[in-house]
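Asker: A structural model of the following input is requested.
(chains A, B and C)
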Amino acid sequence: MNSIPFSKNNARIRRNAINGLTGFFTEYETSKAVLIHSVKYAGLLRIIQIIILIYSVAYLLIYQKGYQKQSTAIISSVTLKVKGIGYVRTPENKTIIMDVADYIIPASENNAIFVMTTFIETDQRRSTCAESSQLKQAKCRSNSDCVTELFIADMNGLWTGRCLFTSKPTVIIGAENTTNSRTGLCEYEGWCPPEDDAVSPMFIRGALDFRIFIKNFIEFPVFGVKHKNMVADLKPCVFHPTDDKDCPIFPLDYIVNQAENDSNERDLMLQYGGVIGVKLNWICNLDRNIKMCKPQYSFARLDVPYREKPFSVGFNFRYASTWKHERGQFRTLTKVYGLRFIIATSGKAGKFDFITLSLNIGSLVGIFGLATFVCDIIILNLSKKADMYRMHMIEKIHVRNPYGNQQQASDNSSEQNDEIHSNTNSNIKTELEYGTPGNSIASLEKVVTPRSNSLTISPLS
Amino acid sequence: MNSIPFSKNNARIRRNAINGLTGFFTEYETSKAVLIHSVKYAGLLRIIQIIILIYSVAYLLIYQKGYQKQSTAIISSVTLKVKGIGYVRTPENKTIIMDVADYIIPASENNAIFVMTTFIETDQRRSTCAESSQLKQAKCRSNSDCVTELFIADMNGLWTGRCLFTSKPTVIIGAENTTNSRTGLCEYEGWCPPEDDAVSPMFIRGALDFRIFIKNFIEFPVFGVKHKNMVADLKPCVFHPTDDKDCPIFPLDYIVNQAENDSNERDLMLQYGGVIGVKLNWICNLDRNIKMCKPQYSFARLDVPYREKPFSVGFNFRYASTWKHERGQFRTLTKVYGLRFIIATSGKAGKFDFITLSLNIGSLVGIFGLATFVCDIIILNLSKKADMYRMHMIEKIHVRNPYGNQQQASDNSSEQNDEIHSNTNSNIKTELEYGTPGNSIASLEKVVTPRSNSLTISPLS
Amino acid sequence: MNSIPFSKNNARIRRNAINGLTGFFTEYETSKAVLIHSVKYAGLLRIIQIIILIYSVAYLLIYQKGYQKQSTAIISSVTLKVKGIGYVRTPENKTIIMDVADYIIPASENNAIFVMTTFIETDQRRSTCAESSQLKQAKCRSNSDCVTELFIADMNGLWTGRCLFTSKPTVIIGAENTTNSRTGLCEYEGWCPPEDDAVSPMFIRGALDFRIFIKNFIEFPVFGVKHKNMVADLKPCVFHPTDDKDCPIFPLDYIVNQAENDSNERDLMLQYGGVIGVKLNWICNLDRNIKMCKPQYSFARLDVPYREKPFSVGFNFRYASTWKHERGQFRTLTKVYGLRFIIATSGKAGKFDFITLSLNIGSLVGIFGLATFVCDIIILNLSKKADMYRMHMIEKIHVRNPYGNQQQASDNSSEQNDEIHSNTNSNIKTELEYGTPGNSIASLEKVVTPRSNSLTISPLS
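Answerer: Sure thing, here's the model as predicted:
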């Protein structure tokens, strides 16, 4: 007769709910604790807990600033200005001054600036002329060598089909094998004359004395904090790694030396170009005054070193000024080599945030609980007195059919005979007999009185 | 007489503190556990715990790399170079070669590059001339139509106030209504002649054979790791999606095909311009060799497709070369259409971090505890034997005034009569009477001996 | 005889392991709870728990979207276009129109655009001429003043060593002290004539009526979501803060007014240049329709206000157009001042993520446990009935050598005599004597029957 009528089930649930609700505010519920006097395991547990506490509080919360919400999102705007005079010594021993408008190409860029250090200038006009002598396919002996439909890479213009010879042909008279033994170059129509890589490039001296003024405006959008790399009342200055670390005006010499140790490589960079990354790293603790937050400047060479002989070396590009005059189109084609500075900004800001702190504390509470869990496993399973501890730390409960036979589950009874000098029973059972008729009998392991207010313990008959 | 003297209170607190401190290291404290033999609920609890364990370890910690600190902060520098020859077939059937210095405008940019594919060139000089015929407000019949103080959008220069007629006027003689029926265009002072949109633009053929070399240098600032998209010993190569995925030299044809499926749209992009986003996505597992980390290239069209007929189509801008000659100012105004490539970098790097691992484990411990919490609620409230379980899992304690009357709180006594075959008492009370005089009497629910070291249980009289 | 043979140890561990494994799935284990009827502490605990619950659920999970994985990583591409006509009134009272190709320098940039508002134009050619009168070191009285090897900052070219006088010298005849009292300027070879800062710059009027069209394409790479700031079917429009907030075409007037309140500063910005940061902030809840996500435009002035008199004011750079003619090199050097707009994008996107939700819930469970922990400390140590509670909430267990003497640890026995009216025993010990020979005696604090199935309590003899 274990069936419970539906109404009685409902009634019981309702009663439990009401009890639960009133009990919610009047009953203080907590876990029952067991205190075992054992210096060995207590010491082990406390040591683990202290280690966790030190790790949590000292390392995680304080050193790693676990109480701060941290963000690496940074918005950055940069303006750059270079000042300085360079000069070029031409093959004719003339000295030509190069000022800012000459060597900064393009005149203005975003987050980058290019300083020309070497260039090859070719004055061209649209007409017809002989191909570049460096183009192998352009060598010809007769016009037929120059007839082509395809586009050849590096061709300077559309080939007209004529083979141009630089000098007059010499005819060998008298011999039957009158061969025209000259080789010429195919003629093309386009920008003439072709660029000549063999021409010695013009080198701008004094480039390392130029100075670059980097103005950086940043914002940490997560915190809504704005800042810039210039102190208030900034005076004209020059950056120095120890004497003036706050000055954002850098000599190119310093930057190139920071980016590249090898002086030979530095010379090659000025000759064939190089790419230098300028990084401004902002580590800001927003719990302090924003004025204490200053960027760390670092310079790194980005292009592949020349000693590794990559197939694409340095940095260069072609740039042309064009104009027209009397139905002719003219341009000055300049192949420029130089130092390209690319500015990048990174940052990390942290500010006290209660949510982050509470979530981290919550996680640390979980780790603390692990310590007890691990020690419990050790004590309950691996220690010598494991069974003893188990007996006291765990109550085993069998809930049986009260009208069933009074079985005594004798777990581990065999164990009882093994160990004489210690309790090895991991289960302790107590059976009580109640003589009062009509009372339900429940085998519980606690001294209990169902339906009576008094404990009646009658001696075993 | 419930007043506790202040000194005694202090003494008690001091004693508790000392006991607490010595006890801290000598007493092992853990929660007392209750083991209920119930395959049903034990199985339920274990299944939930195993599910949580699998989710936590297999999914969260291993698959989602919960042991790694992950960051999406990435610093990127890009240099770009395009190579190739294009040609234009003019209306006069001439073929004009366009080389890199002609079609890359501006010659150098940061994180972007523009390849001109179509252009309208107008040679201008500062003087006076007739307005553009496309400007409706410029149509005039007499000078008075051209007098204006306001600026009209799209006007090419300040109007002089004269109405220019292209041809000589025809006067109709004899009629009284001698109307000048010609319409002319207002004269303006500025760059002359005005740009004529009706002129057929010049189209650069062969643009899709150009190749773009993308060099990308990245850094994950959080981990201080630098990398680039070029393998060591890079040889001249061409990118191929299956054969050569590591080559950073892309044919424009491949890029445009990736960005736009529709061939008609691709043709329109070459004619009226387009914007293509080149994204380099770096997913790097920094616990492995950095060389295994390679970028994923993806190309997406950013401008609105032509079939959607937006009011602002494609991509174009105006660019001028200016020069002066004999007191005249000249310029070649070029309206350029073409493909603008904007390079963007994104990334995510992860590296083993003990703090992240410990915080995640701490959170998972909390979720584990939830499993027990939920099962406890089910067992204590919703199961059939709820009251039975409640009896054993919860000890209810009433602490009363020891000199007060011996009230027996008979909670739930009414419940006792309802259920015959199971214990419905959620409270078990035990009252003991102590005959020994002078002993304080405390109604507790445990067998307890205040002030005596022995348990004296005398049978009820 | 406390030695346990090795085989028996192994057997015990094996037995425990098997029991543990079967018990794992058949025994439901949970913490034993203690319910104390105390409205005061129960109320305190519940209030703390409710506060934590409200904070967790309402604030952390719902308001701060703790169920979402949030990321601030955003990829952004921008194209810009400015339209408008400006005009310059020259000193000769001529009006010169400046169109887009005149005032946007360079013609195309990435994430930035420069609008020229004032300029100083100098037509130069490479030759020799007198230095700038503003260069103090260039003042000379004789050729010897002009001989220098060093480079002087701001020199316009390499000094030839001649001192040029603007007018013919007047010789004072007759006096012995025939001094040449004129001062001239050193001659240099380079771009002539030098730029003259004293020349009044030409101011472009109508710049504030220009309009800038900002097209912004973004992607949240963590979620793979793309978006742009133009609504579908965008029509020609003008941004208005209340009437048309979705239109991405901004009048320069509006932008400058937003960036700078002071009208005097605004005028100075148009005269000497300024840097304005245009920030597009995308806050997107990806659980909703992406169309609901629109950027917030904000404009901020980045350069230092003129009233603070920084040594580097405004924004300017030098830009040159060069050409050659009949063996002469010519250029128009333009020192341009204007408004530099730097576009920056920031964003934060969130999307429901089960992992983030579970980790946060796990942390919150930990915080919940803290509430009980804190209240336990209060109850066990600081309350008046602390000892009473301690007695019931903590079971103290001494596990001793069962063959040892029957010591009664009488902790706190002295305490027993102090307090008459309340139980001050923090330890309750029960000692039972068992008369049955051969039984091991264990002093435990629970009613326990080792090795027997019945509770035999014999009255004390």
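
Asker: rest of the way, CA atoms for contacts and neighbours
Answerer: Will do.

Asker: residues touching residue A:280, list them.
Answerer: For residue A:280, the contact set (CA atoms under 8 Å, 6 or more residues apart in numbering or on different chains) comprises A:295, A:296, A:297, A:298, A:343, A:344, A:345, A:346.

Asker: now the nearest residue to residue A:195 once chain neighbours are set aside: how far from residue C:381?
Answerer: Once flanking residues are discounted, residue A:195 sits nearest to residue A:122: 6.1 Å by CA to CA, 6 or more residues apart in numbering or on different chains. Distance of residue A:122 to residue C:381, computed by CA to CA, to the nearest Å: 92 Å.

Asker: same check, this time on residue A:313
Answerer: Plainly put, residue A:313 is 76 Å away from residue C:381 if you go by CA to CA.

Asker: buried residues in the longest strand anywhere in chain A?
Answerer: Determined from DSSP state E, the single longest strand within chain A is strand A:328-352. Within strand A:328-352, the residues scored as buried using 16 or more other CA atoms under 10 Å in any protein chain shown are A:330-352.

Asker: try stretch A:143-157
Answerer: For stretch A:143-157, burial by neighbour count (16+ other CA under 10 Å) applies to A:143, A:145, A:146, A:152, A:155, A:156, A:157.

Asker: and for stretch A:184-198?
Answerer: Going by 16+ other CA under 10 Å, stretch A:184-198 has these buried residues: A:184, A:185, A:186, A:187, A:188, A:189, A:190, A:191, A:192, A:193, A:194, A:195.

Asker: looking at these, which is nearest chain B?
Answerer: Nearest to chain B out of the buried residues of stretch A:184-198 is residue A:190 (CA to the nearest CA; 6.0 Å).

Asker: isn't residue A:287 up against residue A:353?
Answerer: No. Between residue A:287 and residue A:353 there is no contact under CA atoms under 8 Å: 10.2 Å.

Asker: domain assignment for chain A?
Answerer: Following automatic domain parsing, one gets these domains for chain A: A:3-65+A:355-393, A:74-126+A:199-352, A:132-193.

Asker: any idea how far the closest residue to residue A:95 other than its chain neighbours is from chain C?
Answerer: With sequence-adjacent residues excluded and distances taken as CA to CA, 6+ apart, residue A:95 is closest to residue A:89, at 4.6 Å. Using CA to the nearest CA, to the nearest Å, residue A:89 is found at 11 Å from chain C.

Asker: what do you get for residue A:354?
Answerer: 10 Å.

Asker: before we move on, what about residue A:33?
Answerer: Counting by CA to the nearest CA, the gap from residue A:33 to chain C is 5 Å.

Asker: just give me the neighbour total for that residue.
Answerer: Residue crowding around residue A:33 was assessed by other CA atoms under 10 Å in any protein chain shown; the count is 23.

Asker: what secondary structure does the residue in the stretch 351-461 of chain A that chain C sits nearest to sit in?
Answerer: Residue nearest to chain C within the stretch 351-461 of chain A (CA to the nearest CA): residue A:362, separated by 4.2 Å. Assigned with DSSP: H, G, I helix; E, B strand; the rest coil, residue A:362 falls in the helix class.

Asker: direction included, what does the helix or strand harbouring residue A:191 pair up with?
Answerer: In the assignment (DSSP states H and E), residue A:191 maps to strand A:184-192. Here strand A:184-192 has these sheet partners by DSSP bridges: strand A:112-130 (antiparallel), strand A:139-140 (antiparallel), strand A:157-164 (antiparallel).

Asker: put the alpha carbons of it into CSV.
Answerer: Below are the C-alpha coordinates for strand A:184-192, written out as CSV (Å, rounded to 0.1, in the frame of the first residue of the first chain):
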residue,chain,number,x,y,z
GLY,A,184,70.4,46.6,-81.6
LEU,A,185,67.4,47.1,-79.4
CYS,A,186,63.8,47.1,-80.3
GLU,A,187,62.0,50.4,-80.6
TYR,A,188,59.0,51.1,-78.4
GLU,A,189,56.5,53.9,-78.1
GLY,A,190,55.9,55.2,-74.6
TRP,A,191,57.8,57.1,-72.0
CYS,A,192,61.2,57.7,-73.4
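
Asker: quick one: work out the angle between that strand and strand A:328-352.
Answerer: Computed with axes from the mean of the first three to the mean of the last three CA atoms, to 10 degrees, the direction of strand A:184-192 lies at 70 degrees from that of strand A:328-352.

Asker: what residues does strand A:184-192 touch?
Answerer: With CA under 8 Å, 6+ apart as the test, strand A:184-192 has contacts from A:124-133, A:138-143, A:145-146, A:156-166, B:96-97.

Asker: now do the contacts for residue A:24.
Answerer: C:42, C:46 are the contacts of residue A:24 under CA under 8 Å, 6+ apart.
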